[in-house]
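Undergrad: Pasting the sequence and the predicted coordinates here, then a few questions.
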Amino acid sequence: MSKFSEWFHNILEEAEIIDTRYPVKGMHVWLPQGFKLRKHTLEIIGKVLDRDHEEVQFPLLIPEDELAKEGIHVKGFEDEVYWVTHGGLTKLNKKLALRPTSETAMYPLFNLWVRSHSDLPMKFYQTVNTFRYETRHTRPLIRVREITTFTEAHTVHADKGDAEKQVREAVKLYKSIFDSLAVPYVITTRPDWDKFPGADYTVAFDTLLPDGKTLQIGTVHNLGQTFARTFEITYETESGDHQYAYQTCYGLSDRVIASVIGVHGDETGLCLPPAVAPIQVVIVPVIFKEGKEEVLEFCRKTQETLQDGGLRVHLDDRDIRAGKKYYEWEMRGVPIRIEIGPRDIENGTFVVVPRNTKKKEFLDYDLEKIMATVQEKLDDISKEMLEKSWQTMKENINTVEGVDEAMAKLNKDKGIISFSWCGDTSCGKDLEEKLRVDLLGVQEDLEEEAECVNCSAPAKHIALLARTY
Ligand code: PR8
């Protein structure tokens, strides 16, 4: 896919995911197909978080003084906040911010909720829209000014170790979410200059899009006691004294859906993992003049059986050319197409065409077993998509020994560069400037002796860099 950006924009429109013509920059309309894709993605996220987080919903507006309380945090967001200044014609005494994220909406209430050590840990999440006046080039789902699908989790802990454990736990939860979506990732600890405003450190998930640029698709932040001190979130210990709590927060956005579309799509269009596809199976009757009703009846029965089994199945009985139907459902990324014609009924067979391979398969038809047969095919597709996307990702991570080699790789193969790094901020920023890339962060600490590829000082880490969205 040479021009990913163009492909991405076109497919959102053609597959009716998003309408980008809404007359406010960076804000878009979810169309029915896109909304379903979003809904199923949120179901996966919700299922993972619901295990031990409580879902809540906070207001959209944050009073100016609360937003301003945490100095580093507000500095990080000051260029990006939308303000409500008036109620009708009346100027408000206190300006209200549209939440860019909800720390400063939630934590004044956490101040009231957290009382005793026995209240902790507390783990909440909400899925809401947030607003960021992004000044960099906006792109649907990828960099928007209204993030419509912001799933943010916020946790409170009694001690530092517990908060650290929560960061590791959140990374595990996010891994399982991305694995369900067959979206591959690299995980790094962001360099200090790129961490979340107010966090002690940030762990980030990045995936690789077909043009060789990476996309940050999720972040987990250890907030330490920064916000607890600002918002006076304290608890009474067993011995009766008062301690500041420790906090973490982590978030996902519309970018999760962008990555599902971007990672799996191909020249034909979308290729959706069965777990989130709005339609998982489309049945196309192969109709001739004779025996039309019999074929349709057979298809209806097949549809009903699969629906009873819990699948999302569409029967395309429109009176148009079969080829046109095939093209349309392939473009929309439906994981399985079933074709049934009079000859199949006669022979007790049917045709299955998985979207990911587009290879026709002839299978035995048995109404009793059709659910199991199709489910097995869907499971195979999920597995194959996961394997393929990870393989592509791994093939595009190159280890380099020097800056020139990194430059050559970036220009030729694109993708992610893995290198030995000293960990020094000025060296990291120098590297970013020289190569016009972002240093994604540290993947792991180095055991053996090595030199930093940029400054030749002793290297401490394996780090990753890439051109990014
Ligand atoms: C937090 N607070 O806010 P984060 N368009 C689409 N997706 C975006 C955009 C955007 N303009 N900006 C960020 N994201 C913390 C954690 C509550 C939850 C996505 O963290 O600022 C990115 O994928 O890192 C990012 O990883 C995620 O939202 C969370 O945003």
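TA: Looks like it came in fine. Numbering: from 1, shown residues only.
Undergrad: okay, CA-based contacts and neighbour counts for the rest of this
TA: Fine.
Undergrad: Most distant residue from the centre of the protein?
TA: Residue farthest from the centre of the chain, counting by C-alpha atoms, centre = their mean, is E290 at 48.5 Å.
Undergrad: That one in helix, strand or coil?
TA: Reducing the assignment to helix, strand or coil with DSSP: H, G, I helix; E, B strand; the rest coil, the entry for E290 is coil.
Undergrad: Burial check on L120, number of neighbours?
TA: L120 sits with 16 neighbouring residues when counted by other C-alpha atoms under 10 Å.
Undergrad: circling back: the ligand versus the residue farthest from the centre of the chain, what's the distance?
TA: Remark: distance between E290 and the ligand (C-alpha to the nearest ligand atom, to the nearest Å) = 53 Å.
Undergrad: Residues of the stretch 201-350 of the chain that sit close to the ligand?
TA: Within reach of the ligand by C-alpha under 6 Å from any ligand atom, the stretch 201-350 of the chain has these residues: 216-219, 249-255.
Undergrad: need these in JSON lines with neighbour count, can you?
TA: Formatted as JSON lines, these follow (neighbours: other C-alpha atoms under 10 Å):
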{"residue": "Q216", "neighbour count": "22"}
{"residue": "I217", "neighbour count": "24"}
{"residue": "G218", "neighbour count": "23"}
{"residue": "T219", "neighbour count": "26"}
{"residue": "C249", "neighbour count": "25"}
{"residue": "Y250", "neighbour count": "22"}
{"residue": "G251", "neighbour count": "21"}
{"residue": "L252", "neighbour count": "22"}
{"residue": "S253", "neighbour count": "24"}
{"residue": "D254", "neighbour count": "22"}
{"residue": "R255", "neighbour count": "22"}
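Undergrad: In this structure, which residue is most central in space?
TA: V256 (1.7 Å).
Undergrad: show me where pLDDT drops low in this structure?
TA: 1-2 (pLDDT under 70).
Undergrad: Mark out where each domain of it begins and ends.
TA: According to automatic domain parsing, the chain is divided into the following domains: 4-264, 281-377, 397-466.
Undergrad: A228 touches T234, doesn't it?
TA: Yes. Here A228 lies in contact with T234, judged by C-alpha atoms under 8 Å, at a distance of 7.1 Å.
Undergrad: what residues do these two have in common as contacts?
TA: Shared contacts of A228 and T234 (C-alpha atoms under 8 Å, 6 or more residues apart in numbering): 244-245.
Undergrad: Could you pull up the contacting residues of A457?
TA: Taking C-alpha under 8 Å, 6+ apart as the criterion, A457 is in contact with 422, 451.
Undergrad: mind redoing it with 10 Å?
TA: In this structure, A457 makes contact with 421-424, 427, 450-451, judged by C-alpha atoms under 10 Å, 6 or more residues apart in numbering.
Undergrad: among those residues, which ones are buried?
TA: By neighbour count, with 16 or more other C-alpha atoms under 10 Å, these hold 421-423, 427, 450-451 as buried.
Undergrad: Among the residues you listed, pick out the one closest to P197, please.
TA: P197 lies nearest to G423 out of the buried ones among the contacts of A457, by C-alpha to C-alpha, at 20.0 Å.
Undergrad: Double-check that that closest one belongs to a strand.
TA: No. With three-state DSSP as the criterion, G423 is located in coil rather than a strand.
Undergrad: Let me know whether it touches I462 as I believe.
TA: Yes. Contact criterion C-alpha atoms under 10 Å: G423 and I462 qualify, at 9.3 Å.
Undergrad: just to revisit the earlier point, need the nearest residue in space to the residue nearest to the centre of the chain, chain neighbours excluded.
TA: Closest residue to V256 in three dimensions, ignoring its sequence neighbours and counting by C-alpha to C-alpha, 6 or more residues apart in numbering: I217, at 5.8 Å.
Undergrad: For the one you found, which three-state class applies?
TA: Secondary structure state of I217, per three-state DSSP, is strand.
Undergrad: Would you list the phi and psi of the nearest residue to K69 once chain neighbours are set aside?
TA: On the basis of C-alpha to C-alpha, 6+ apart, the spatially nearest residue to K69 that is not a chain neighbour turns out to be T230, at 6.7 Å. The phi/psi pair for T230 (degrees, to the nearest 10) reads phi -70, psi -40.
Undergrad: What sits closest to L315 if chain neighbours are left out?
TA: I283 (4.8 Å).
Undergrad: Paired strands for the host helix or strand of the one you found, with orientation please.
TA: Under the criterion DSSP states H and E, the helix or strand holding I283 is strand 281-285. Under the criterion DSSP bridges, strand 281-285 sits next to strand 313-315 (parallel), strand 336-340 (parallel) in its sheet.
Undergrad: what does the shortest one contact?
TA: Around strand 313-315, the neighbours that count as contacts under C-alpha under 10 Å, 6+ apart are 278-285, 296, 299-300, 302-307, 334, 336-338.
Undergrad: Show the residue spans covered by the helices in the stretch 51-200 of the chain.
TA: Secondary structure of the stretch 51-200 of the chain (DSSP state H, counting those that start in this stretch): helices located at 64-69, 71-77, 103-113, 160-180.
Undergrad: before we move on, the earlier item: closest to K94 among the residues of the stretch 201-350 of the chain next to the ligand?
TA: Set against K94, the nearest of those by C-alpha to C-alpha is C249 (27.2 Å).
Undergrad: wait, what's in contact with that closest one?
TA: 102-103, 123-125, 152-156, 163, 166-167, 170, 199, 202, 219-223.
Undergrad: how much space between it and V276?
TA: Using C-alpha to C-alpha, to the nearest Å, one obtains 26 Å as the distance from C249 to V276.
Undergrad: Repeat that for K47.
TA: For K47, the distance to V276 equals 13 Å [C-alpha to C-alpha].
Undergrad: more neighbours, the two?
TA: The residue with more neighbours, out of K47 and V276 and counting by other C-alpha under 10 Å, is V276; that gives 21 against 11.
Undergrad: Backbone dihedrals for the closest residue to that one other than its chain neighbours, both of them.
TA: Residue nearest to V276 in three dimensions, not counting chain neighbours: H40, with 4.9 Å by C-alpha to C-alpha, 6+ apart. Dihedral pair for H40: phi -70, psi -30, per degrees, to the nearest 10.
Undergrad: what sits against H40?
TA: Each residue near H40 by C-alpha under 10 Å, 6+ apart is listed here: 46, 275-278.
Undergrad: Quick check: the gap between it and P274.
TA: Counting by C-alpha to C-alpha, the separation of H40 from P274 is 10 Å.
Undergrad: residues in contact with the closest residue to the ligand within the stretch 51-200 of the chain?
TA: Nearest to the ligand in the stretch 51-200 of the chain, going by C-alpha to the nearest ligand atom, is R143, at a distance of 3.6 Å. R143 sits next to 26-27, 132, 134-137, 253-255, 469 when contact means C-alpha under 10 Å, 6+ apart.
Undergrad: Go through those residues and name the one nearest N111.
TA: Of all the contacts of R143, N111 sits closest to R132, with 25.7 Å by C-alpha to C-alpha.
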